[in-house]
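> Got a sequence here, can you model it:
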Amino acid sequence: MPAGASVLSDPAQVYVQARAAAMSGDHARSAALLATLAGSQPDQVDLARKALTEALGAGQFDLALSVASKLPEAKVPTDGRLLLVADAVKRRQLDRASGWLRGGEDNADLSFLAPLLTAWDAADRGDPDKAIATLDQVSSNSLLAPLRAEQEAYILLKFKRTAAAEPLARRAIGSAGARENRVRIALANAFVAAGDRDRALIMIDGLGSDAAAARQRVLSGKLSGKPISSAAEGLSEVLTAFSGDIARLQRGSPPIGLVQVARFANSQNSSATMLLALLLDQNNRADEALALLRTIPRDDALSSQVRDIQVRVLTDSKRLDEAYAMAYAAANAPAATVNDLSRLGDVYSAMKRNNEAATIYGRAVALATQQGFKSQIWPLLLVQANAYEEAGHWPETKQALQQALVLSPDQPLLLNFMGYAKLEHHEDLDAAEEMIRKASELAPDDASITDSLGWAQFKRGKLADAITTLQRAAEKDPDQSDIQEHLGDALYKSGRRMEARFAWNAALITAEDEVARRVKAKLASGLTPANAAP
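Okay, here's the model as predicted:
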């Protein structure tokens, strides 16, 4: 029976089918059913909005555009308006795009994007001076301000003004944060396209172990995809940057629709594709995430990061054999990088093959040392130390941490690990507590380090101080089971047994494996030497 006929005969049943499809992960079918249902009941705006959300989530852009265009203007949600903006930009219809920037019923004002669209429209019309002048007017408190130098650099490079673009490019890299590799490669690509390989090489200098392959591409004049040289591509970069900021600053995931719009604006934006894959994985859509990652060309400049995410998705899905096969192949290739070796170490760790993990991390340390990647050495020594500790090799653990502390003596993660490990091994307790205290002073907002300090105080018999410190850690990160277990143990020992049970119950919400077993035993029979946290 055609979908339309079934809607007319039983819309309630179709709605149930659409919800069931969404719950089973078939968002494309859900979107199609909801869109048909909304089309038969044009007064049901909520149905159309649900259809739009499902269509965007499934990457069904034509359907999403169709649904969004039929909604009353004030009722189009933010991601729908952004999709309409991107569509108009791709069609070079600035007036139409600008109209969708005004706030809708959800009060999300997108007008801060107007200078970006106006500038790129001028650039696309061959007027770089007007484009740069437009972006120069962006106020320092605008959401667009942190990305202004990057966008100006892309526009100047579109017109081969490489000398003028260089200082802006350097500034963009300096403020790129987690996007640094993406920005370095995109700018290097633009310099190559503009015929300036020398400045392109400057852009890739900070890529670490991925720099060699990028340098070879630059020297051969090979582009890493299409340069960012249009309004749609510029908009895609901005939306990807905003998505990453949401993930970092709000400790949550950006809306899938926002990332999908970034991909719609520029289908070759591999950063947006990778971010979307991570979001899909978080939403238990691993197969979709892996399929999406396979659409990124194997010679993409960010291919190492693509493999990282593929292995992460496979590991999260407990598909460890597949993760191992992929990581092992890359680590044993003739041109294997430090990242390739480290990735295999991570898989070994996930497989509880800790001795092999420690060995491969050691190879990564040696290669990083040989190639002069000093900033990568202490993190590798840290994960090697963790592998040794998990394998029960305390002398080797301590040696790796000591090597790392020589390189980075004020690194809070190293100080905390060394101090906590010394506590567990009942070694140099005064020094251990002092190291953790120093780590806490260097990273006062790190809940895990605050927890370590509280646990050190507990181990040293400073019960009142321990409870105060552990409560502070729990306030910073209430979802961390280790912290809640430690707090429960300290409260129980101090006689505050009802509060201890609250803490242990909180721990049980997220606890797994051994921690969960200990906490359940404590809830059943109280704190004993057999079930105490180590």
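
> Please, where are all the strands along the stretch 1-150 of the chain?
Counting by DSSP state E, counting those that start in this stretch, one finds no strands in the stretch 1-150 of the chain.

> now the helices for it?
Along the stretch 1-150 of the chain, counting by DSSP state H, counting those that start in this stretch, helices occupy 3-9, 11-23, 27-40, 45-57, 61-70, 78-90, 94-99, 114-124, 128-136, 148-158.

> would you put the C-alpha positions of the fifth one in PDB?
The reference is to helix 61-70. Taking C-alpha atoms only, helix 61-70 is exported to PDB below (Å, rounded to 0.1, in the frame of the first residue of the first chain):
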ATOM      1  CA  PHE A  61      19.000  16.900   2.700                       C
ATOM      2  CA  ASP A  62      16.500  17.100  -0.100                       C
ATOM      3  CA  LEU A  63      13.700  15.900   2.100                       C
ATOM      4  CA  ALA A  64      14.800  18.200   4.900                       C
ATOM      5  CA  LEU A  65      14.800  21.200   2.600                       C
ATOM      6  CA  SER A  66      11.400  20.300   1.300                       C
ATOM      7  CA  VAL A  67      10.000  20.000   4.800                       C
ATOM      8  CA  ALA A  68      11.700  23.200   6.000                       C
ATOM      9  CA  SER A  69      10.500  25.200   3.100                       C
ATOM     10  CA  LYS A  70       6.900  24.300   3.800                       C
END
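
> any idea of the angle it forms with helix 27-40?
30 degrees (axes from the mean of the first three to the mean of the last three Cα atoms, to 10 degrees).

> so residue 303 touches residue 294, yeah?
No: counting by Cβ atoms under 8 Å, residue 303 stays clear of residue 294, with 11.9 Å between them. For the C-beta atoms, the positions are set from N, CA and C on the backbone; glycine is no exception.

> ok, and the closest non-adjacent residue to residue 413?
Once flanking residues are discounted, residue 413 sits nearest to residue 382: 6.2 Å by Cβ to Cβ, 6 or more residues apart in numbering.

> in the helix or strand hosting that neighbour, what's buried?
Taking DSSP states H and E as the definition, one finds residue 382 inside helix 374-390. Using 16 or more other Cβ atoms under 10 Å as the test for burial, helix 374-390 gives 376-390.

> before we move on, the earlier item: quick one: residues contacting the residue nearest to residue 413.
400-401, 404, 413-414, 417 (Cβ atoms under 8 Å, 6 or more residues apart in numbering).

> Tell me the one of the residues you listed nearest residue 130?
For these, the minimum distance to residue 130 (Cβ to Cβ) is 48.4 Å, reached by residue 413.

> Which of the three states applies to the closest one?
Under DSSP: H, G, I helix; E, B strand; the rest coil, the three-state class of residue 413 is helix.

> shouldn't residue 368 be in contact with residue 338?
Yes: Residue 368 is within contact range of residue 338, at 4.8 Å (criterion: Cβ under 8 Å).

> Mutual contacts of these two, please.
Common contacts of residue 368 and residue 338 (Cβ under 8 Å, 6+ apart): 209, 376, 380.

> per-residue confidence at the last one?
This points to residue 380. We have a pLDDT of 97 for residue 380.

> Roughly how far does it sit from residue 361?
Distance from residue 380 to residue 361, counting by Cβ to Cβ, to the nearest Å: 6 Å.

> which residues are in contact with both of these two?
What both residue 380 and residue 361 touch, as defined by Cβ under 8 Å, 6+ apart, is the set residue 342.

> Could you chop this structure up by domain?
By the assignment in automatic domain parsing, the chain contains the domains 1-103, 110-229, 441-534.

> What is the end-to-end distance of the longest one?
Put plainly, it is domain 110-229. Domain 110-229 has an end-to-end distance of 22 Å (Cα to Cα, to the nearest Å).

> from the middle of its chain, how far away would that domain be?
22 Å (Cα atoms, centre = their mean, to the nearest Å).

> Can I get the helices of the stretch 1-150 of the chain in JSON lines including mean neighbour count, distance to residue 175 and mean pLDDT?
Output for the helices of the stretch 1-150 of the chain, formatted as JSON lines (neighbours: other Cβ atoms under 10 Å; distance: least, Cβ to Cβ, whole Å; pLDDT from 0 to 100):
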{"stretch": "helix 3-9", "mean neighbour count": "14", "distance to residue 175": "49", "mean pLDDT": "50"}
{"stretch": "helix 11-23", "mean neighbour count": "16", "distance to residue 175": "39", "mean pLDDT": "81"}
{"stretch": "helix 27-40", "mean neighbour count": "22", "distance to residue 175": "35", "mean pLDDT": "84"}
{"stretch": "helix 45-57", "mean neighbour count": "24", "distance to residue 175": "29", "mean pLDDT": "89"}
{"stretch": "helix 61-70", "mean neighbour count": "19", "distance to residue 175": "31", "mean pLDDT": "92"}
{"stretch": "helix 78-90", "mean neighbour count": "24", "distance to residue 175": "23", "mean pLDDT": "94"}
{"stretch": "helix 94-99", "mean neighbour count": "16", "distance to residue 175": "26", "mean pLDDT": "90"}
{"stretch": "helix 114-124", "mean neighbour count": "22", "distance to residue 175": "16", "mean pLDDT": "95"}
{"stretch": "helix 128-136", "mean neighbour count": "18", "distance to residue 175": "15", "mean pLDDT": "95"}
{"stretch": "helix 148-158", "mean neighbour count": "25", "distance to residue 175": "7", "mean pLDDT": "97"}
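
> out of the ones you listed, nearest to residue 530?
Residue 530 sits nearest to helix 11-23 of all the helices of the stretch 1-150 of the chain, at 42.1 Å, using Cβ to Cβ.

> Using PDB, list the CA coordinates for that closest one.
The C-alpha coordinates for helix 11-23 follow below in PDB (Å, rounded to 0.1, in the frame of the first residue of the first chain):
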ATOM      1  CA  PRO A  11      -2.300   8.400  10.700                       C
ATOM      2  CA  ALA A  12      -1.800   7.100  14.200                       C
ATOM      3  CA  GLN A  13      -0.400   3.800  13.000                       C
ATOM      4  CA  VAL A  14       2.000   5.600  10.600                       C
ATOM      5  CA  TYR A  15       3.200   7.800  13.500                       C
ATOM      6  CA  VAL A  16       3.900   4.700  15.600                       C
ATOM      7  CA  GLN A  17       5.800   3.200  12.600                       C
ATOM      8  CA  ALA A  18       7.800   6.400  12.300                       C
ATOM      9  CA  ARG A  19       8.700   6.400  16.000                       C
ATOM     10  CA  ALA A  20       9.600   2.700  15.900                       C
ATOM     11  CA  ALA A  21      11.800   3.300  12.800                       C
ATOM     12  CA  ALA A  22      13.700   6.000  14.700                       C
ATOM     13  CA  MET A  23      14.100   3.900  17.800                       C
END
